[in-house]
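Asker: show me the folded form of this:
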Amino acid sequence: MRLREIAIVGAACLISTTGAGGVPVDRLDVRRAPPDSVTAAITLADIGFRTGLRFSNLGGRREVFVPLPEGRDVVANELVLVLDDVSAYASKRSLEVLVNDRSALALPLDGSDEGRIVHVPLAGTKAENGFFKLDFVYSGAATRDRCIDERYVGDSLRVRPESELDVDVGMTNGLDVATTAALMPRDVSIALPSRRLDPSDIASALVVARVLAASGRRSSFLRGYAALPELDKLGEPPRWTHGLVIIGSPSEAGGVIDDPIMALARFQSVSSTVAAVRVSGMPALLVSDAAGVRGGGLLTSPNLAATRSAPIAFVGSTASLQVPTDKVDFDELGVTPAQAEVFGRAELEVAIDARRLPVDTRPTRLLLDVMVAPDGADDKAVISAYVNERLLGSTVAASDGATHLDLPLPDGLVGNIANVRAVVQRLSVQGDCRYEPQGYPAQILGSSAFVLAAAVGEPRDFSDLAARWAGGVQVLVPAAALERPELVIDIASKALNALLPDTAPIDVKVVEADAASAPSKPFLAISELAPVEAKTRVRFDRGRVAVSDSAGRTVLDLAGLSAGAVAQVVTARGEPGLWLRPLAADGALPAPAELRLDHGDVAFVDHSGVTLAMSTERGALVHIAYLDETSWPTVAARFRLWIIGGLWLLATVGFLVALQRVLRRRPTTLGEE
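Answerer: Predicted coordinates:
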């Protein structure tokens, strides 16, 4: 795994009468002054809790750390909770919320509310050590008698993922790069210049989109800057609800940036820069990569924190750090340890992005370390481990330290994501009147690790490309994409989001019309022609292409599709890659909201996403068929039932004829005797 370290050359604020690229500053429109402050909302979904938080069994505690930049006027004004509170039987329950270890709310629950909205005022609370800490403490009781099983209440409390923390980011004219990137809303538009694009423009847009997807944000692409003031239009009160990243030189974007005199003066003869700017008073980022894709790569680097208090970052050369390729632990992968209170049974779940594994490696074993606290009654817990919902092992928990499970991983089990789930179960003593209902902590430790092996051979699944692409990918686009990037950029972004690690560099190359692409490294090719020397799974030079089932019935006929695309894993010139072939006559590609490419080596894509994914190598129920071919194997496969029936009929007729001849001869033989 290569971690790209970005060298930040410096930050500056220079005054000049001429903008970058020789554009006179006095010809540019000066926008109105920004508002005094702007409010941004950070939801639980934005920080990784995409299903929210759930509590049950009359008890539980969860800690949530919301990252906020330090050293600025960023304060939290309000916490807005959206709660689903249900209970099958009557009980007294409550939810306490602590903010930075201070109680901010104690809320009684009645078990009959769904979508309940609770506003918790925070009075300008600031972050501590770069985080805003939230503690949710759920507790309850059904009776004063401790001799109960609390599970019979059937209670459930869910804090929805749209629950949000309203943050006042202070004066927008003083925002820095790190703060703007950290507080960017969930929906972000990436604006490209209206001129003929350079390959570096497309590469920068793809890098930014990949970074946004890795942080849980949704991106869309715009052509031209004319509509940006309306997109980032202020509301009352000023609220930052839509993010914006502008790709292009500062001279091109100067007409829409507030206070362009200062904005342009900062970019004096610098090739790669990232700047915090304002459009119609709302914060935005301006990424300029005139000579190499470096500015967008800064957003994936740990060095992004160094841009605090810097409204502009000059990005220099990159370097790669090599890490061991035989084993990688959860701490190195940045996995947050899962923990829970065990009330008889608890589940610990972590989702591991396999795209973060080192280059050209695959996981072969999981070394899972689980710590379970003793319950004081010498009743040992049992730990069962699942990976992608497949039970791989179970053991009795150790009482004097961590429990270690060495679990072999079957081939093909781990795709792009490895969902690791540890189920902890123990006999509960809370119903025998000795103890009140009490949970005992359990945690998946960061010392858990994957044992790795070299990823050899050609890729067989889409997910196999992630390890090959970890060192960087070459994106091969047709020359028409420079004039009309909307033809390819959206689906290319979705494919890279599905398979490419967020730290991997992207290199865009242009392929001339009517020419086949010739990749020189792991690649993503978008073209009607197959790459040079490509070993393809689906061939388009053999007539009509269809997908048929084992009985020969056509499941999908590509001749009936006027739009869409076919994605397939190929190897060209010894390099592994993904070939996206458009089905539309004008070469347009679909723009699905999400593209899931995991298992299988061929996928058929339309505007809704992947409609069918299949493997051409493993014993699948469907296969690729070429309907225009009339070879004997094709005819035999298509009409094999008729052929079998005809053979049976011929055999029957032959048998009857032979029998008839035998019967005709028998009377003559008897007469002669």
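
Asker: can you check the pLDDT for Phe604?
Answerer: Predicted confidence (pLDDT) at Phe604: the value is 93.

Asker: so what's it up against?
Answerer: Phe604 makes contact with Val547, Leu556, Leu558, Gly564, Ala565, Val566, Ala567, Val610, Thr611, Leu612, Ala613 under the criterion C-beta atoms under 8 Å, 6 or more residues apart in numbering. Bear in mind the C-beta positions are built from the backbone N, C-alpha and C, glycine included.

Asker: checking my notes, Asp502 in a strand, right?
Answerer: No. Judged by DSSP: H, G, I helix; E, B strand; the rest coil, Asp502 forms no part of a strand; its state is coil.

Asker: isn't it right up against Gly216?
Answerer: No. The pair Asp502 / Gly216 is not scored as a contact, 11.7 Å apart, by C-beta atoms under 8 Å.

Asker: specify which residue of the two has the higher count of neighbours.
Answerer: Taking neighbours as other C-beta atoms under 10 Å, Asp502 and Gly216 compare with Asp502 leading, 19 against 14.

Asker: does Asp378 count as helix, strand or coil?
Answerer: coil.

Asker: swap in the one 5 residues further on?
Answerer: Following three-state DSSP, Ile383 is assigned to strand.

Asker: isn't it up against Val424?
Answerer: Yes. With contact defined as C-beta under 8 Å, Ile383 counts as touching Val424 (5.6 Å).

Asker: what is in contact with those two at once?
Answerer: Val370, Val372, Ala397.

Asker: show me where the stretch 101-250 of the chain has its strands.
Answerer: With DSSP state E, counting those that start in this stretch, the ranges of strands along the stretch 101-250 of the chain come out as 102-109, 112-126, 131-141, 155-159, 164-168, 187-192, 218-223, 239-240, 243-247.

Asker: now do the stretch 401-550 of the chain
Answerer: Assignment of strands within the stretch 401-550 of the chain using DSSP E, counting those that start in this stretch yields the ranges 403-408, 417-425, 440-444, 449-454, 473-478, 506-511, 523-526, 534-535, 545-549.

Asker: CSV for the ones you listed, including distance to Ala106, mean neighbour count and mean pLDDT?
Answerer: Conversion of the strands of the stretch 401-550 of the chain to CSV gives the following (distance: least, C-beta to C-beta, whole Å; neighbours: other C-beta atoms under 10 Å; pLDDT from 0 to 100):
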stretch, distance to Ala106, mean neighbour count, mean pLDDT
strand 403-408, 37, 16, 95
strand 417-425, 30, 19, 92
strand 440-444, 23, 20, 89
strand 449-454, 41, 18, 93
strand 473-478, 52, 25, 94
strand 506-511, 50, 20, 92
strand 523-526, 53, 26, 95
strand 534-535, 64, 16, 90
strand 545-549, 59, 18, 86
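
Asker: could you export those as JSON lines, including distance to Leu595?
Answerer: Rendered in JSON lines, the data for these read as follows (distance: least, C-beta to C-beta, whole Å):
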{"stretch": "strand 403-408", "distance to Leu595": "30"}
{"stretch": "strand 417-425", "distance to Leu595": "15"}
{"stretch": "strand 440-444", "distance to Leu595": "30"}
{"stretch": "strand 449-454", "distance to Leu595": "26"}
{"stretch": "strand 473-478", "distance to Leu595": "15"}
{"stretch": "strand 506-511", "distance to Leu595": "16"}
{"stretch": "strand 523-526", "distance to Leu595": "12"}
{"stretch": "strand 534-535", "distance to Leu595": "21"}
{"stretch": "strand 545-549", "distance to Leu595": "19"}
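
Asker: Arg573: which of these is closest?
Answerer: Comparing these by their distance to Arg573 (C-beta to C-beta), the top pick is strand 534-535, with 8.2 Å.

Asker: which residues sit against the closest one?
Answerer: The set of residues that contact strand 534-535 without belonging to it, under C-beta under 8 Å, 6+ apart, is Glu458, Val570, Thr571, Ala572, Trp579.

Asker: surely the third one and Arg460 touch.
Answerer: No. Using C-beta under 8 Å, Thr571 and Arg460 do not qualify as a contacting pair, with a distance of 10.8 Å.

Asker: any idea which helix or strand comes after the helix or strand bottoming out on mean pLDDT in the chain?
Answerer: Of all helical and strand segments in the chain, the minimum by mean pLDDT, DSSP states H and E falls on strand 2-10, at a mean of 40. Using DSSP states H and E, the helix or strand that follows strand 2-10 towards the C-terminus is strand 39-43.

Asker: got the contact list for the helix or strand just after that following strand?
Answerer: Reading on from strand 39-43 to the C-terminus, the next helix or strand found by DSSP H and E is strand 53-56. When contacts are taken as C-beta under 8 Å, 6+ apart, the neighbours of strand 53-56 outside the stretch itself are Leu44, Arg62, Val64, Phe136, Tyr138, Asp155, Ser156, Leu157, Arg158, Val159.

Asker: that'll do, ta.
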